[in-house]
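Q: here you go, sequence then predicted model.
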Amino acid sequence: MTTTYTSYKLITADLGKSLERVAKEPDVARETEYYLSKIGDIKTIDQFFADTRLYNYAIKAHGLEDMGYAKAFMRKVLTEGVDNEDAFANKLTDSRYKQLVESLNFARQGEAATSFDRAQKGVVDKYARETLEQSAGEENAGVRLALYFARMAPSITSGYAIIADEALAQVVRTTLQLPNEFAGTEVDRQAAAYEAAIDLKDFQDPAKLTDFLDRFTALWEIDNSTDGYDPLAVFGASSGYGISSDLLLSINSLKLGGR
């Protein structure tokens, strides 16, 4: 059986080829062809929402498939854009909504919004990446989490951004070897603990991000493997990521759900 670490490395060793394979899958190719043939003719938000197939493609491309039913919510996101500080998307901690607006910025570009490359090829590329992650998750949830984290990590600028996205939080808790119960502690303390344990600027550095995810995939394998294999052996005993003894003691003293 292929380990989480090995599976992740096989996919990311040549991510371009992995994405090409996904893009050529019949279902993906068919939906992509439809999207590209129609999106340029969409001039208004109303037209976009009226074409369910287009809407579903764009929502999935941005990892928001589970929110597809909430059309009033999504309409508010796109209608208000991101240029105004008080815009709805800017008040949401989850950066995926801002990314959706940046791809289809009707609020800023009006009828020209869908003519830009980011609304066409940009969305298509995102759709292939999202499909790749979903497919990987069918075999191994840890691989999907690692791929997702790799894509989203550069947008993490605070501990709160981690808390706002359970998938990101799960990766961080696993890598820092925190119990799942830690998610029940008071939000401000969670954020402070994450920021104390990790230099979030490391997520802007490809090499450091790779080290972080190597450790995650190895630890995920330990937590989810039924055999005695220890994938962390390939890294040695030390790691650049972990919880200091003082911070761990502080975390252990927290009461779930409060101060």
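A: Structure's in. What do you need? Just so you know, these numbers come straight off a predicted model, no measurement behind them.
Q: list the contacts of Asp223.
A: Contact analysis of Asp223 by CB atoms under 8 Å, 6 or more residues apart in numbering lists Thr174. In short, each C-beta sits where N, CA and C put it, glycine included.
Q: next, the buried residues of the strand or helix carrying it.
A: Assigned by DSSP states H and E, Asp223 belongs to helix 206-224. Using 16 or more other CB atoms under 10 Å as the test for burial, helix 206-224 gives 208-209, 211-221.
Q: Lys98 - nearest residue in space that isn't next to it in sequence?
A: Take Lys98 and drop its neighbours on the chain: the residue closest to it by CB to CB, 6 or more residues apart in numbering is Ala89, 5.0 Å away.
Q: what's the helix or strand for the one you found?
A: Using DSSP H and E, Ala89 maps to helix 88-91.
Q: can you point out the buried residues in that helix?
A: Buried residues in helix 88-91, counted by 16+ other CB under 10 Å: 88-89.
Q: ok, and what's touching it?
A: With contact meaning CB under 8 Å, 6+ apart, helix 88-91 is reached by 76-77, 80-82, 84, 97-98, 100-101.
Q: and the two most separated of these?
A: Distance extremes for those: the farthest pair is Asn84 and Leu100 at 16.2 Å, using CB to CB.
Q: higher neighbour count, those two?
A: Neighbours were tallied for Asn84 and for Leu100 using other CB atoms under 10 Å; the higher tally belongs to Leu100 (24 against 11).
Q: does the more buried one belong to a helix, a strand or coil?
A: The assignment at Leu100 comes out as helix when based on DSSP: H, G, I helix; E, B strand; the rest coil.
Q: quick one: contacts for Glu133?
A: By CB under 8 Å, 6+ apart, the contact set of Glu133 is 144, 147-148, 151.
Q: check Asp117 too.
A: With contact set as CB under 8 Å, 6+ apart, Asp117 has no partners.
Q: please apply the same query to Glu31.
A: Contacts of Glu31 by CB under 8 Å, 6+ apart are 53, 57, 127.
Q: ok, these vs Glu139, which is closest?
A: Taking CB to CB as the measure, Glu139 sits nearest to Tyr127 out of the contacts of Glu31, at 19.8 Å.
Q: wait, that closest one sits on Asp27?
A: No. Applying CB atoms under 8 Å, one finds Tyr127 not in contact with Asp27, separated by 11.1 Å.
Q: of the two, who's got more company?
A: Tyr127 (22 against 8).
Q: for the closest residue in space to that one that isn't next to it in sequence, give me its contacts.
A: The shortest distance from Tyr127 to any non-neighbouring residue, by CB to CB, 6+ apart, is to Ala61 (3.9 Å). Ala61 makes contacts with 103, 123-124, 126-127, 130, as judged by CB under 8 Å, 6+ apart.
Q: may I have the distance across stretch 148-167, first residue to last?
A: With CA to CA, to the nearest Å as the measure, stretch 148-167 spans 8 Å from end to end.
Q: list the buried ones in it?
A: Across stretch 148-167, burial judged by 16+ other CB under 10 Å covers 148-150, 152-153, 155-156, 159, 161-165, 167.
Q: residues making contact with it?
A: Stretch 148-167 is contacted from outside by 12, 63, 93-95, 99, 129, 133, 145, 168-169, 171-172, 183, 187, 190-195, 200, 203-204, 209, 212-213, 216, using CB under 8 Å, 6+ apart.
Q: now a PyMOL select for only the buried ones of those.
A: Those of those that count as buried under 16+ other CB under 10 Å are selected in PyMOL with:
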select buried, resi 63+94+95+99+129+133+145+168+169+171+172+190+191+193+194+203+209+212+213+216
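Q: so which of the contacts of stretch 148-167 belong to helices?
A: Among the contacts of stretch 148-167, the ones falling in helices (DSSP state H) are 12, 99, 129, 133, 145, 168-169, 171-172, 187, 190-195, 209, 212-213, 216.
Q: and the contacts of helix 88-91, which are buried?
A: Applying 16+ other CB under 10 Å to those, the neighbour count classes 77, 80-82, 97-98, 100-101 as buried.
Q: so where is the chain shaky, pLDDT-wise?
A: Within the chain, the ranges that satisfy pLDDT under 70 run 1, 225-259.
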